[in-house]
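S.K.: coords please:
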Amino acid sequence: MTSARLPVVRVADYALDGIAATLGAVTPEQGGALLGIPGSDTVTQFVHDRSADVTSVRYHNTDWLIQEINQVERRTAARFKGIIHSHPRGMPYPSGQDRSEFARSLELNTALTRYLAPIVTHDVTTALDGHELVLDGCRMSFFGASQSESGLRLTPMRPVVLPVRRALTRAGFTAVDEPALITVGDSAMLGTTGEIGGLGLVTILFGADYPATAPLVFLGESGPIPLDWELGVPGEDRLERVVGRLRSRPAKVPLQARSAGLLSPALADRRVLVVGAGSVGSYLTEVLARSGVGAFTLVDPEEVAAENLGRSAYRVDDVGTPKVEALARLVRAVNPAAEVAGYAAALDGLPIEDLAKLVEGCDLVVAATDDNQAQGRLDHLAYWFGKPAVFPALYRGAEGGEVIMVAAGLPCWGCSTGGVRAATAEQESPLRRTDYGTGRLIAEPGLLVDIHHVSSVAGKLALGLLHPDSEDVAAMRFAAGVRERGANYAVFANRPDYWIFASVLADTYGQYAYQSIWLAPSRDEACPVCGEQEGRTDPTAYTAEAPGADLLAAYRREAAPGE
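M.R.: Reported below is the predicted structural model:
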């Protein structure tokens, strides 16, 4: 029988890779199970029977393999197709004993109309027949066993490789797990979820006729999207062609359909570093994503807790998930084309050289931590690398707050906070209390609406700072006005008669609450962050100290005898 007339067995390339890496990499005999699409001679999964009882001339499957087959069939739509095992060199065909095993398996598995029984050998130098292929130094000879009136019929089968892994790799797709067979309606489809640079979270479902027919592609929570599937292109290159067109399409337009003249499409090419993914950081990330910002780097060490749900962007399903992962998922749901990198680590847990790269590689820093030491570090790095930054903070009970905008020519965060707090020292401080053991601000109750009132200003300044001066849009003009006035320190009152507002605005008509004052702090010429150029210090030479080290040193100095 010519190869063109042989029955076809379709095998996913990643299953073949698994066979070559196990059975093909060791001396015979070894074996494993094949699973795939129900009612079809299509293999989508290989399970290696690594603990089988074997000799150089015999393979016998384990009970573990039977249990694993049952587990796979319960978890997925894949069904048992047969057993593949290896033979000594020069014997690329089933033995008499193998044929007996095939007949017995067909009797036990009545749902099987054909039992797939490939043989692996290390004979790769002789010519291949139509039922064979070679991969990574091993020969795979494909056979199918079926029952006939005259007994067992063993037929060579022509292998056709399904370029799933190779197509995904060429398209830039990254996923944690191998594709899994699932049931969609009445059809079995091979599904996988991962990321593609420039597209974000992507789910792809391959049908039984792939690559002759296009897969279903979902971007984020939307889809499936229509694909221009080019049959004139090699099968493993078709998905890459599709991805290239998806990347080049103007995905940012719908996000800015209602903000023409207010924001620029240039935001799609900007990356924002957000440090702190709590109530402020999560809100600002969502605002920037909805405004069209195309890339984010998120840093936060914590997981989403139930108590976070009332004041942040997270949902019930996010509880127990690292905040950076949950927030990345939200960003991709808003804009599937967004790129998101997450670091589930505290700022002082990142090596300084890694943190410096994150700052240097972004277009804007959002410092939304509850740690003044961390804010100071980000301030120093952002100023050193010439990156604009916003520093939002809530006061006690979220009854007020502040937003500090830092950019070239303006005072740094340290100079701004030091000058303003010194000038208002006679007033009772509205600042939140500090945990003296960690240096972090103590969490306090506060209304979400008050948090958003302060944070929204940080968001508008951030959007303005992300635009070049050549982009004459409203957000850029707003931030430019702040810069021109030097009034980069904004303070806010969310309740009546709050802090300095009661006296500063006492004679101003129509005042009640939700007020703001824009202060113009001074730059200290001796400041190591923003002072004279020759006096500035390199923040990458920073050495972290353990929390409380300063207090311990002070205590030891005070307790030292004779002093």
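
S.K.: report the secondary structure element holding R241.
M.R.: Here R241 sits within helix 238-248, counting by DSSP states H and E.

S.K.: mean confidence for that helix?
M.R.: Mean per-residue pLDDT for helix 238-248: 84.

S.K.: now the helices for the stretch 1-150 of the chain?
M.R.: In the stretch 1-150 of the chain, the helices defined using DSSP state H, counting those that start in this stretch lie at 13-22, 63-75, 96-108.

S.K.: distance to P234 and mean pLDDT for those - can I get that in CSV?
M.R.: Quick note: C-beta positions are derived from backbone N, CA and C, even for glycine. Shown next, in CSV, are the helices of the stretch 1-150 of the chain (distance: least, Cβ to Cβ, whole Å; pLDDT from 0 to 100):
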stretch, distance to P234, mean pLDDT
helix 13-22, 13, 95
helix 63-75, 31, 93
helix 96-108, 35, 90
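
S.K.: point out the most buried one among these.
M.R.: The highest average neighbour count among the helices of the stretch 1-150 of the chain, using mean count of other Cβ atoms under 10 Å, belongs to helix 13-22 at a mean of 20.

S.K.: quick one: residues in contact with that helix.
M.R.: 30, 32, 34, 43-46, 48, 50, 84, 120, 133, 135-138, 140, 161-166, 178-179 (Cβ atoms under 8 Å, 6 or more residues apart in numbering).

S.K.: ok, now stretch 392-404?
M.R.: Contacts to stretch 392-404, defined as Cβ under 8 Å, 6+ apart, come from residues 280, 284, 366, 368, 390-391, 413, 416-417, 430-433, 444-447, 450-451, 453-455, 457-458, 461, 488-495, 498-499.

S.K.: now stretch 530-537
M.R.: Stretch 530-537 is contacted from outside by 380, 383-384, 410-412, 414-415, 523-529, using Cβ under 8 Å, 6+ apart.

S.K.: now intersect the residues you listed with the helices, please.
M.R.: Mapping those onto helices (DSSP state H) picks out H380, Y383, W384, G414, C415.

S.K.: turn the residues you listed into TSV, including neighbour count.
M.R.: Conversion of the ones in helices among the contacts of stretch 530-537 to TSV gives the following (neighbours: other Cβ atoms under 10 Å):
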residue	neighbour count
H380	23
Y383	27
W384	18
G414	21
C415	23
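
S.K.: what segments of the stretch 101-250 of the chain are strands?
M.R.: 115-116, 119-121, 132-135, 138-141, 143-148, 151-156, 158-162, 173-174, 180-184, 187-196, 200-206, 216-219 (DSSP state E, counting those that start in this stretch).

S.K.: partner strands of the third one, with direction?
M.R.: What that stands for is strand 132-135. strand 138-141 (antiparallel) (DSSP bridges).

S.K.: that's a strand at G342, yeah?
M.R.: Yes: G342: assigned to a strand according to DSSP: H, G, I helix; E, B strand; the rest coil.

S.K.: what helix or strand is the closest residue to it other than its chain neighbours on?
M.R.: Spatial nearest neighbour of G342, excluding adjacent residues (Cβ to Cβ, 6 or more residues apart in numbering): V324 at 3.2 Å. According to DSSP H and E, V324 maps onto helix 323-334.

S.K.: what about that helix, average pLDDT?
M.R.: Helix 323-334 shows a mean pLDDT of 93.

S.K.: contact partners of that helix?
M.R.: For helix 323-334, contacts defined as Cβ under 8 Å, 6+ apart pick out 200-201, 220-221, 255, 277-278, 281-282, 285-286, 289-290, 296, 298-300, 302-304, 308, 313-315, 318, 338, 340, 342-344.

S.K.: just the ones of those residues in helices?
M.R.: Using DSSP H, G281, S282, T285, E286, A289, R290 are the members of these that sit in helices.

S.K.: residue ranges in this protein under the pLDDT threshold?
M.R.: For the chain, applying pLDDT under 70 flags the ranges 1-4, 56-57, 176, 222-223, 248-258, 260, 419-444, 542-563.

S.K.: next, format the strands of the stretch 101-250 of the chain as TSV and append distance to E240.
M.R.: Below are the strands of the stretch 101-250 of the chain laid out as TSV (distance: least, Cβ to Cβ, whole Å):
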stretch	distance to E240
strand 115-116	30
strand 119-121	30
strand 132-135	22
strand 138-141	26
strand 143-148	33
strand 151-156	33
strand 158-162	16
strand 173-174	10
strand 180-184	22
strand 187-196	10
strand 200-206	12
strand 216-219	12
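
S.K.: re earlier: may I see the ones in helices among the contacts of stretch 530-537 organised as TSV, with distance to W229 added?
M.R.: Shown next, in TSV, are the ones in helices among the contacts of stretch 530-537 (distance: Cβ to Cβ, whole Å):
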residue	distance to W229
H380	52
Y383	51
W384	49
G414	57
C415	59
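
S.K.: please identify which pair of those residues lies farthest apart.
M.R.: W384 and C415 (14.7 Å; Cβ to Cβ).

S.K.: helix/strand/coil for G401?
M.R.: From three-state DSSP, the assignment for G401 is strand.

S.K.: and it, how far is that from I517?
M.R.: Distance of G401 to I517, given as Cβ to Cβ, to the nearest Å: 12 Å.

S.K.: equivalent analysis for T183, please.
M.R.: 62 Å.

S.K.: between those two, which has more neighbouring residues?
M.R.: Legend: neighbour count by other Cβ atoms under 10 Å for T183 and I517, higher for I517 (16 against 12).

S.K.: assign a three-state SS to that one, would you?
M.R.: strand.

S.K.: I'd say it and A502 touch.
M.R.: No: taking contacts as Cβ atoms under 8 Å, I517 lies outside contact range of A502: 11.7 Å.

S.K.: find residues that contact each of those two.
M.R.: What both I517 and A502 touch, as defined by Cβ under 8 Å, 6+ apart, is an empty set.

S.K.: returning to that earlier point: what would the ones in helices among the contacts of helix 323-334 look like in a markdown table with neighbour count?
M.R.: Conversion of these to a markdown table gives the following (neighbours: other Cβ under 10 Å):
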| residue | neighbour count |
| --- | --- |
| G281 | 28 |
| S282 | 27 |
| T285 | 28 |
| E286 | 18 |
| A289 | 25 |
| R290 | 15 |
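
S.K.: so which of those comes closest to N372?
M.R.: Nearest to N372 among these, with distances taken as Cβ to Cβ, is G281, at 15.8 Å.

S.K.: contacting residues around the closest one?
M.R.: G281 touches V274, V275, L298, D300, L327, V366, A368, counting by Cβ under 8 Å, 6+ apart.

S.K.: just give the closest residue to R58, not the sequence neighbours.
M.R.: E29 (6.1 Å).

S.K.: no no, A167
M.R.: A167 sits nearest to L239 (Cβ to Cβ, 6+ apart), 4.3 Å away.

S.K.: enumerate every residue touching that neighbour.
M.R.: Counting by Cβ under 8 Å, 6+ apart, the residues that L239 touches are A167, L168, R170, A171, I204, P215.

S.K.: burial measure for the first one, as a count.
M.R.: Residue neighbour count, defined by other Cβ under 10 Å, stands at 25 for A167.

S.K.: quick check: angle from whichever helix in the chain runs longest to strand 515-519?
M.R.: For the chain, the helix that runs over the most residues, judged by DSSP H, is helix 448-465. Relative orientation of helix 448-465 versus strand 515-519 (axes from the mean of the first three to the mean of the last three Cα atoms, to 10 degrees): 40 degrees.

S.K.: from G200, how far off is the closest residue to L201 other than its chain neighbours?
M.R.: Nearest residue to L201, sequence neighbours excluded (Cβ to Cβ, 6+ apart): R332, at 4.2 Å. Here the criterion is Cβ to Cβ. By it, R332 lies 4 Å from G200.
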